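Asks: Sequence first, then the predicted structure, then my questions.
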Amino acid sequence: MPVLAVPPRSWAGTGRITKMSLEKLLGSLLQSGLSRHVLGGKKKKYKHSYGGSGLGGIAGKALGSKGGLALLASIGMAAYEQYRQRQSQNQSGYKGYAPPPPHPSYGSGNQPPFQRPWQGHTPTTPDADLLLTAMVAAAKADGVLDAEERARLENYLIESGADRQDWGHLDRLMRQPVDLDALIARVRDPVTAAEVYGAAFLAIDVDTPAERAFLAMLAARLGLDEWTARDIESRLME
């Protein structure tokens, strides 16, 4: 398949992308494994394979649609429930991982997202735009996206039936500087915090110090302790 040097001008898309298109775009990237090839470089090594997705077990079977986004939500809820159980055990004398210290940007009484009280009102389908933004931010952790990577992504989007709004939206995300403060500000609850971390982890192959440092910083900003971050990673690699 030929590789295009730059996106065609007809794909300059300035229209607002719809929620349905965002879910399709994010789902397609996750299902194909292209998020790691184009956004993050190499493919992760999973214990099992499923089709052409590169994802193993339940993740490989479910990612790639609204069901796939719901899977990220279920992983987020499971991670939060595990965290709450550990907190209860800690109060009973069990010594586990302590929550990370608050980031300097959080004032007194303003908890990071993952440590906020949760009433179970998170939507079943995650915020696709927020997760896509997190994936692009992770991909930029150790550098920038070059023209060849962008062209491979464009070819895939064309083949998957994406329109110019889809490409235009992702193109803008890839071009604009990463604003981690703005990303964190959009995370309102602990389950979404876990989803954001999971999406960022899926976007890259964590094999450089810069990538691991980014994930550690993201976890701290979201309020995830080390145990929870590793729990999310292991669930996505089952």
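Replies: All right, it came through fine. Numbers count the residues shown, from 1 in each chain.
Asks: Okay, buried residues for stretch 208-220 please.
Replies: Neighbour counts over stretch 208-220 (16 or more other Cβ atoms under 10 Å) mark 211, 214-215, 218-220 as buried. Where you see a C-beta, it was placed from the backbone N, CA and C, and this is true even at glycine.
Asks: export it as CSV, just CAs?
Replies: The C-alpha coordinates for stretch 208-220 follow below in CSV (Å, rounded to 0.1, in the frame of the first residue of the first chain):
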residue,chain,number,x,y,z
THR,A,208,11.8,4.3,27.0
PRO,A,209,12.5,6.3,30.1
ALA,A,210,10.5,9.2,28.7
GLU,A,211,7.4,7.1,28.1
ARG,A,212,7.5,5.5,31.6
ALA,A,213,8.1,8.9,33.1
PHE,A,214,5.1,10.3,31.3
LEU,A,215,2.9,7.5,32.6
ALA,A,216,4.2,8.0,36.1
MET,A,217,3.5,11.8,35.9
LEU,A,218,0.0,11.2,34.4
ALA,A,219,-0.8,8.7,37.2
ALA,A,220,0.3,11.2,39.9
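Asks: Which residues outside that stretch are in contact with it?
Replies: If you take Cβ atoms under 8 Å, 6 or more residues apart in numbering as the criterion, stretch 208-220 is touched by 40, 100-101, 103, 112, 134, 137-138, 141-143, 180, 196-197, 200-201, 204-206, 225-226, 228-229.
Asks: pull the helix or strand with minimum mean pLDDT from the chain.
Replies: Least confident helix or strand of the chain, by mean pLDDT, DSSP states H and E, is helix 57-62 with a mean of 39.
Asks: now for the helix or strand just after it, which elements pack on it?
Replies: Per DSSP states H and E, the first helix or strand lying C-terminal to helix 57-62 is helix 66-91. When contacts are defined as 3 or more Cβ pairs under 8 Å, 6 or more residues apart in numbering; DSSP states H and E, helix 66-91 packs onto helix 19-32, helix 57-62, helix 128-139, helix 190-203, helix 226-236.
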